Structure formats: C-alpha cells, structure tokens
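Asker: Here is my input; please provide its structure:
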Amino acid sequence: MSLKKENILNEYISFLKLEKGLSDNTINGYLLDLQKLITFIGSGILNTETIEKTDIHQFIYQLQDTGIHPRSQARILSGIKSFYRFLITQEYIDHDPTELIEGPKLGLHLPEILSVTEIDRLSSSFDMSLPESQRNRAIIEVLYGCGLRVSELIGLKISQIFAKEEFIIVEGKGDKQRLVPISQRALQEINLYLEDRKHLNIKKGDEDILFLNRRGGHLTRVMIFYIIKKQCEICGIKKKISPHTLRHSFATHLLEGGANLRAIQQMLGHESITTTEVYVHLDKEFIRSEILNHHPRNMKGKQ
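Answerer: Next comes the predicted model:
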C-alpha cells in the first residue's frame with residue numbers, strides 16, 4: 001500500500017493529539033524526525049510495501065555519517081518508531097521494519113544541578129532597586145520551589161494559586177492538570193511581586209497570568225532563559241544553567257532529603273505516572289507532606 005504523505009501525516013497528527021494526548025511541541029518534534037526519513041526516501045510518498053529494515057539502517061548510517069550526536073540519533077529513531085507503531089495499530093502494514101532496530105548506545109547523562117547554597121546565592125543576588133528584580137526573584141523561587149517546566153511557569157495563573165492551602169494548579173503536558181505544593185517562601189516572593197504588578201498596564205487576555213513583562217504581556221520561554229543565565233553570571237555561578245536546572249535541583253534535593261521517589265515523580269508531572277500501573281495513586285495530603293517536610297525551602301523554616 002502506498003500512502004500519500006499528506007493523508008497519512010494528517011491521520012498520524014490526529015492520533016498523537018487525540019489518542020496519545022501529546023502537546024503540539026512534542027508532535028512537531030515527531031513530525032520533524034519523520035520528515036528526515038521522507039527526505040531520505042526522496043519521493044514524497046511513504047511506500048509502506050517496500051521500506052524494509054535495511055532502508056531504516058541506511059537512514060541511520062546517514063545520520064551517523066553527517067556527525068549527528070548519538071542522543072539526537074536516538075531521538076530521531078524514536079520518532080520514526082512511533083510512526084510505524086501507528087501504521088501497525090491502524091493495520092496499514094502487517095510488519096514493522098523498525099521493530100528490531102536498536103538505537104545508538106548512549107553514555108549516562110547526568111543533568112547539571114545547583115546546590116542549596118548556590119540556589120540561595122542566586123535568589124539573594126538580585127538588586128532590588130532595579131525594575132523586575134522582585135518578579136525575577138519570585139520566578140526563581142517558583143521554579144525551584146515547585147519544580148515547574150518553563151512552559152508551566154509562563155502559563156501559571158493567579159487564579160491557580162491557593163495560598164491558604166499552599167497549593168498551585170499546574171497545567172502540564174497534554175493540558176493535564178496537577179496539584180503542586182508551594183512553599184511559604186515562594187508565596188511571600190509572589191505577594192511582593194503582586195504589589196509591583198499592580199502598576200502594569202496589563203494587556204487584554206493576560207489579566208490572570210501571574211508573571212508579566214514590563215509591557216503587561218506574558219513572558220516567553222526565551223526571556224526566562226535569559227533571566228536565569230544573566231543572574232548566574234552576576235552571582236558567579238559557572239555551571240551551564242537553564243530553567244530546567246532548577247527543576248532537576250528541585251527533584252534531587254527532595255530525594256537527598258529523604259522524600260518518597262513516587263511523590264517526586266508525581267510532582268514533576270511525568271507522563272509515566274498516569275500511563276503505567278507501576279506507580280500507585282498518591283493522595284494530595286501525602287504529596288503535600290513529602291514536599292513540605294523534605295524541600296530545603298520548607299526545612300529551613302523549621303530549624
């Protein structure tokens with residue numbers, strides 16, 4: 001069966017979005033990976049009768065020859081495997097040419113993290129006489145204190161903050177919501193920032209967005225990267241840092257403090273928690289106690 005590219009891709013997109021619940025960013029990544037294979041084939045037609053394992057191997061060899069990093073090779077192969085699993089599921093083909101193909105071997109990659117001392121240095125390094133300093137300090141505290149992704153941070157709404165209960169509602173990947181405990185320190189920084197926020201001319205549609213730029217609009221991912229990179233330079237942190245570093249630090253410090261691993265995974269909003277039966281359901285009081293008892297920001301207040 002020969003399938004026209006536009007038809008099969010439209011079906012595949014619907015499958016990823018509706019049945020898998022993937023975000024637009026993830027879907028676009030899958031399509032870019034698949035486009036690399038289509039370009040390699042060269043015809044613009046996905047001929048599922050003639051593509052065999054040897055063709056996929058040749059494609060992988062081409063990636064290696066062009067010097068693409070093994071981690072990127074593995075990601076591309078994963079995207080292609082996802083597509084062929086879709087074809088099998090929809091009974092477009094009766095065998096999967098990618099089934100027995102293994103990706104390149106990857107060395108253990110340990111993400112960079114900041115120590116508690118470095119987090120404190122970062123948070124206390126702001127010149128509070130400068131505009132946006134209170135906002136930026138609050139951003140650091142929320143990223144580290146709640147372990148959020150950048151996309152979750154910039155989309156966080158004031159109406160999703162429940163200060164009395166010490167919880168926020170986070171909209172994660174696939175528009176899935178989860179409850180995340182928030183420390184008193186982060187709440188204090190948010191409250192101070194909200195006083196500054198009152199003086200902004202807020203753009204229509206962004207009234208409920210917590211963190212805004214000086215023009216009253218929502219922040220971008222790039223701006224968050226810039227804020228953290230600049231502040232690390234100011235306080236002399238030489239590590240390669242991104243907003244995700246604060247998320248890794250959140251999880252690592254909780255684990256080192258004795259928090260239950262399942263609670264940490266639940267807090268991070270990892271998809272495996274909701275798509276497998278490996279992890280048991282955790283009620284919100286248990287999660288809240290794990291975060292409040294083991295996160296450095298909360299432990300300090302008890303000393």
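Asker: what's the spacing between G172 and V180?
Answerer: G172 sits 10 Å away from V180, going by C-beta to C-beta, to the nearest Å. C-betas here are computed from N, CA, C, even on glycine.
Asker: Compare the two (neighbour count), which wins?
Answerer: Of the pair G172 and V180, V180 is the one with more neighbours under other C-beta atoms under 10 Å, namely 27 against 20.
Asker: my read: the more buried one touches E166, true?
Answerer: No - in this structure, V180 is not within contact of E166 by C-beta atoms under 8 Å, at 10.0 Å.
Asker: got any residues that touch both of the two?
Answerer: Overlap of the contact sets of V180 and E166 (by C-beta atoms under 8 Å, 6 or more residues apart in numbering) is empty.
Asker: Just the pLDDT for I119.
Answerer: With respect to pLDDT, I119 has a value of 94.
Asker: quick one: what helix or strand has it in it?
Answerer: Using DSSP states H and E, I119 maps to helix 116-123.
Asker: Which other helices and strands does that helix contact?
Answerer: Applying 3 or more C-beta pairs under 8 Å, 6 or more residues apart in numbering; DSSP states H and E, we find helix 116-123 packed against helix 133-146, helix 243-256.
Asker: Highest mean neighbour count out of those?
Answerer: Mean neighbours per residue, mean count of other C-beta atoms under 10 Å, is largest over the helices and strands packed on helix 116-123 for helix 133-146, with a mean of 24.
Asker: Could you check the angle it makes with helix 243-256?
Answerer: Going by axes from the mean of the first three to the mean of the last three C-alpha atoms, to 10 degrees, helix 133-146 is angled at 40 degrees with respect to helix 243-256.
Asker: what ranges of the stretch 1-150 of the chain fall below the confidence cut-off?
Answerer: In the predicted model of the stretch 1-150 of the chain, residues 1-6, 41-53, 64-69, 103-111 satisfy pLDDT under 70.
Asker: mind listing the strands for it?
Answerer: 2-4, 45-47 (DSSP state E, counting those that start in this stretch).
Asker: The stretch 151-300 of the chain now?
Answerer: Remark: strands assigned in the stretch 151-300 of the chain by DSSP E, counting those that start in this stretch are 161-162, 167-171, 177-181.
Asker: Reformat these as TSV; add mean pLDDT and distance to P70.
Answerer: Listed next are these as TSV, based on pLDDT from 0 to 100; distance: least, C-beta to C-beta, whole Å:
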stretch	mean pLDDT	distance to P70
strand 161-162	96	42
strand 167-171	92	33
strand 177-181	90	33
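Asker: wait, which of these is closest to S115?
Answerer: With C-beta to C-beta as the criterion, S115 lies closest to strand 177-181 of these, at 22.0 Å.
Asker: Show me which residues of the closest one are buried.
Answerer: Neighbour-count burial for strand 177-181 flags R178, L179, V180, P181 (criterion: 16 or more other C-beta atoms under 10 Å).
Asker: Please apply the same query to stretch 202-216.
Answerer: The neighbour-count check on stretch 202-216 (16+ other C-beta under 10 Å) flags I202, D206, I209, L210, F211, L212, G216 as buried.
Asker: How about stretch 9-20?
Answerer: Buried residues in stretch 9-20, defined by neighbour count with 16+ other C-beta under 10 Å: L9, Y12, I13, F15, L16.
Asker: Would you enumerate the residues in contact with the spatially closest residue to the fourth one that is not a sequence neighbour?
Answerer: In other words, F15. Spatial nearest neighbour of F15, excluding adjacent residues (C-beta to C-beta, 6 or more residues apart in numbering): F86 at 5.4 Å. Contact analysis of F86 by C-beta under 8 Å, 6+ apart lists Y12, F15, L16.
Asker: Leaving out sequence neighbours, find the closest residue to the most centrally placed residue in the chain.
Answerer: Per C-alpha atoms, centre = their mean, the C-alpha nearest to the average position across the chain is that of R149, at 4.6 Å. Excluding the flanking residues, the one nearest R149 by C-beta to C-beta, 6+ apart is R247, at 6.6 Å.
Asker: pretty sure that neighbour is touching L268, no?
Answerer: Yes - counting by C-beta under 8 Å, R247 does reach L268; the two are 7.2 Å apart.
Asker: Need the residues touching each of those two.
Answerer: G147.
Asker: Thanks again, I'm all set now.
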